[in-house]
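# Next come a sequence and a model predicted from it.
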Amino acid sequence: MASAKYVFVTGGVTSSLGKGIISASLATLLQSRGFRVTIQKFDPYLNVDPGTLNPYEHGECFVTDDGAETDLDLGHYERFLNHPTSQANNVTTGLVYQSVIEKERRGDFLGKTVQVIPHITNEIKERMQILGKSGDYDVVITELGGTVGDIESLPYVESVRQLCWERPDDCAVVHLTLIPYLSAAGELKTKPTQHSVKSLQESGVFPDVLVCRTEYELTESIRRKLALFCNVQTDSVIQSIDAATIYDVPKLMKEEQLDKVVLKKLGLSQIGEADITNWEEFVYHLNNPKHTVDIALVGKYVELKDSYKSISESFIHASSFLRCKVNLHWICSENLDATSAIESLKNMDGVLVAPGFGPRGIDGKLYAVQYARENKIPFFGICLGMQASVIEYARNVLHYVSAHSTEMNPETSYPVIDIMKAQKKVINMGGTMRLGSCACELKKGSIAHAVYGVDKIDERHRHRYEFNNLYLNDFEKLGMKATGINPESGLVEIVEIPNHPWFVGVQFHPEYKSTVANPHPLFVSFVKAALKNKS
Ligand code: GLN
């Protein structure tokens with residue numbers, strides 16, 4: 001079997017240029033040509049994984065099927081490629097050091113002095129090639145987090161240098177950079193790019209392709225200048241002009257022939273064109289909706305929209321599928337009380353209560369659930385949002401006035417949401433959460449069963465607390481049904497209220513599995529219900 005080819009995507013000049021989207025767009029074009037492609041991200045921070053990072057600092061934590069807590073860029077990779085990622089797709093400096101130190105403690109290095117070069121770089125190179133060696137992929141795209149020139153990035157840049165040296169025919173380096181426009185001079189400026197390329201070259205890495213973020217079209221003369229000073233072919237200077245949405249980028253990259261230039265460098269067949277007809281149809285439907293709905297997203301991290309990235313992207317997929325624009329209204333649960341909940345939610349066609357951790361803002365979530373339930377507004381609760389719907393039902397319908405989750409009130413006399421014994425054991429053993437894909441059996445006649453159209457599904461989890469089955473009968477008697485159950489543990493995965501137009505709470509995170517090619521059926525059904533509620 002031919003070995004995989006490697007594309008490294010580095011970033012220069014500033015952060016936040018969108019390496020993830022460029023990587024995902026390139027991958028989409030290569031995939032549409034029939035190549036088997038995956039994308040991995042190497043992050044230069046010392047956290048072992050992003051699970052412990054505050055969403056305000058780093059955006060959402062994305063969870064894979066195998067239960068890895070990863071960078072949100074992996075969400076983009078999955079949404080673009082419609083192909084799952086795994087723990088191997090996200091590596092941090094913390095993880096690299098952890099495994100090198102574990103090897104050192106085991107004596108694997110046979111008394112040698114353990115150093116950044118070669119031990120850390122060997123570990124990085126090995127991990128850079130794991131997916132390539134699996135035989136599952138023709139091309140592995142590796143996005144390097146951070147910006148070239150950062151101290152933290154040095155071992156990664158050195159690893160890329162070594163790999164390009166070891167496998168000159170199998171590697172290509174794409175450098176994403178910024179061409180700023182100086183309005184006083186009325187000109188696009190190439191100097192910052194020249195410097196960042198120089199800094200890469202000083203480390204022995206010679207980019208093959210420049211992808212230039214710009215607000216204005218690059219002229220031929222700028223392209224030639226960049227090519228000459230940065231030592232790349234003129235056709236390898238790729239313009240990445242500001243786009244209305246991230247979903248426009250694959251088409252823009254196709255027009256600039258990014259895929260062809262990369263394939264040429266890798267020595268792979270570049271005959272014909274990438275076929276992204278389905279993708280373009282998706283974008284056309286997204287931009288030409290026939291209907292509109294207003295949906296409230298009630299959560300506590302609403303200031304940083306990246307905290308709920310997968311949820312907002314899932315709405316975009318559903319929007320295009322239904323040709324129904326979703327106006328998302330971000331509502332901070334901390335500011336909601338009985339009165340303001342009415343004010344904020346009265347014009348909404350649907351209410352989604354978001355996932356979350358800790359007690360802050362929980363009361364506002366309960367008011368939001370109550371408003372949606374009592375006023376028969378389509379309601380979608382995800383993870384903590386589902387738990388909030390259970391607590392609210394217990395308090396206001398079952399009249400367990402002090403009902404709560406033991407996460408919020410460990411002393412509650414009605415722990416309707418609680419840590420299960422089995423989970424306590426996992427916590428004692430150092431694990432913390434139910435993470436990754438779990439099975440769920442759906443009850444016939446439920447919304448979930450109708451929506452998924454199958455008896456058994458798999459969805460991803462990231463939580464510690466569960467519906468407390470001691471109370472299940474009480475809930476079912478008074479109208480809240482468990483319609484999805486985990487077959488091994490009997491844990492409740494989905495709750496519904498049949499005598500409501502659309503009330504669904506899910507313990508799992510459906511948003512992690514929605515993609516451009518496969519919008520998630522629960523989001524599609526929820527938006528449909530919101531549209532029906534509007535008319
Ligand atoms: N805090 C809740 C739990 O740990 C819900 C987690 C979530 O919403 N992801 O069970």
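Thanks, I have it.
# tell me the pLDDT at L81?
The predicted structure scores L81 at 97 on the pLDDT scale.
# Was I right to think it contacts T28?
Yes. If you go by CB atoms under 8 Å, L81 and T28 touch, sitting 6.6 Å apart. C-beta here means a position set from N, CA and C on the backbone, and glycine is covered the same way.
# between those two, which one's more packed in?
When L81 and T28 are compared on other CB atoms under 10 Å, the one with more neighbours turns out to be T28, at 24 against 21.
# who does the helix or strand hosting that one touch, helix- and strand-wise?
T28 is part of helix 19-32 when elements are defined by DSSP states H and E. Packed against helix 19-32, as judged by 3 or more CB pairs under 8 Å, 6 or more residues apart in numbering; DSSP states H and E, are the following elements: strand 5-11, strand 37-43, helix 73-81, strand 139-144, strand 171-178, helix 249-255, helix 258-266.
# Pull up the pairing partners for the shortest one, direction included.
Taking DSSP bridges as the criterion, strand 139-144 forms sheet pairs with strand 5-11 (parallel), strand 37-43 (parallel).
# now the angle from it to helix 258-266?
Here strand 139-144 runs at an angle of 100 degrees relative to helix 258-266 (axes from the mean of the first three to the mean of the last three CA atoms, to 10 degrees).
# With only the CA atoms kept, save strand 139-144 in CSV.
What follows is the C-alpha trace of strand 139-144 in CSV, where atoms were taken according to Å, rounded to 0.1, in the frame of the first residue of the first chain:
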residue,chain,number,x,y,z
VAL,A,139,-3.7,12.4,2.9
VAL,A,140,-3.3,13.5,6.5
ILE,A,141,-3.6,17.2,7.0
THR,A,142,-1.9,18.5,10.2
GLU,A,143,-2.9,21.9,11.5
LEU,A,144,-0.3,23.4,13.9
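# list the contacts for the closest residue to S314 other than its chain neighbours?
Nearest residue to S314, sequence neighbours excluded (CB to CB, 6 or more residues apart in numbering): S514, at 3.8 Å. For S514, the set of contacting residues under the criterion of CB atoms under 8 Å, 6 or more residues apart in numbering consists of R79, S310, E313, S314, H317, A318, H520, F523.
# quick one: contacts for the residue of the stretch 101-250 of the chain at minimum distance from the ligand?
With CB to the nearest ligand atom as the measure, G145 is the residue of the stretch 101-250 of the chain nearest to the ligand, at 23.8 Å. Under the criterion of CB under 8 Å, 6+ apart, the contact partners of G145 comprise K19, K41, F42, D43, P44, Y45, D71, S153.
# before we move on, back to that, what pLDDT does the residue nearest to S314 get?
Per-residue pLDDT puts S514 at 97.
# now do Y137
With respect to pLDDT, Y137 scores 96.
# before we move on, what about Q370?
The predicted local confidence for Q370 comes out at a pLDDT of 96.
# Can you tell me which residues in the chain are near the ligand?
Proximity of the chain to the ligand is confined to P355, G356, F357, C383, L384, E407, R462, H463, R464, Y465 under the rule CB under 6 Å from any ligand atom.
# so can I have CSV of the residues you listed showing secondary structure, neighbour count and pLDDT?
Output for the residues of the chain next to the ligand, formatted as CSV (DSSP: H, G, I helix; E, B strand; the rest coil; neighbours: other CB atoms under 10 Å; pLDDT from 0 to 100):
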residue, secondary structure, neighbour count, pLDDT
P355, coil, 24, 94
G356, coil, 24, 92
F357, coil, 15, 90
C383, coil, 23, 97
L384, helix, 29, 96
E407, coil, 19, 93
R462, strand, 21, 94
H463, strand, 21, 94
R464, coil, 20, 93
Y465, coil, 22, 95
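# and which of those is nearest to I130?
For the residues of the chain next to the ligand, the minimum distance to I130 (CB to CB) is 23.7 Å, reached by R462.
# so the closest one makes contact with C438?
No. Counting by CB under 8 Å, R462 does not reach C438; the two are 10.9 Å apart.
# correct me, but N82 touches P519?
No. The pair N82 and P519 does not pass the contact test of CB under 8 Å, sitting 10.7 Å apart.
# More neighbours: the two, which one.
Under the neighbour definition other CB under 10 Å, N82 and P519 were set side by side, and P519 has more, 21 against 12.
# Check the residues of the chain next to the ligand and tell me the two furthest apart.
Spatial extent of the residues of the chain next to the ligand (CB to CB) is set by the pair E407 and R462 at 13.7 Å.
# element containing S320?
Assigned by DSSP H and E, S320 falls in helix 309-322.
# my bad, V326
Per DSSP H and E, V326 falls inside strand 324-332.
# distance of V527 from L322?
With distances taken as CB to CB, to the nearest Å, V527 is found 6 Å from L322.
# Comparing the two, which residue is more hemmed in?
Of the pair V527 and L322, V527 is the one with more neighbours under other CB under 10 Å, namely 28 against 21.
# and the closest residue to that one other than its chain neighbours, how many neighbours does it have?
The spatially closest residue to V527, leaving aside those adjacent along the chain, is A318, at 4.6 Å (CB to CB, 6+ apart). Applying the criterion other CB under 10 Å, we find 24 residues in the vicinity of A318.
# Kindly report the same for I246.
Here the count is done by other CB under 10 Å, and I246 has 18 residues near it.
# Check D169 too.
Residues within reach of D169, counting by other CB under 10 Å, total 9.
# I'd say it and L268 touch.
No. With contact defined as CB under 8 Å, D169 does not reach L268; the gap is 10.5 Å.
# Scan the contacts of S514 and report the most crowded one.
Each of the contacts of S514 was scored by neighbour count (other CB under 10 Å); the top score is that of S314, with 30 neighbours.
# ok, back up a step: just give me the closest of the contacts of G145 to the ligand.
Taking CB to the nearest ligand atom as the measure, the ligand lies nearest D71 of these, at 16.9 Å.
# Now do the contacts for that closest one.
Contact analysis of D71 by CB under 8 Å, 6+ apart lists K41, D43, P50, H58, F62, N90, G145.
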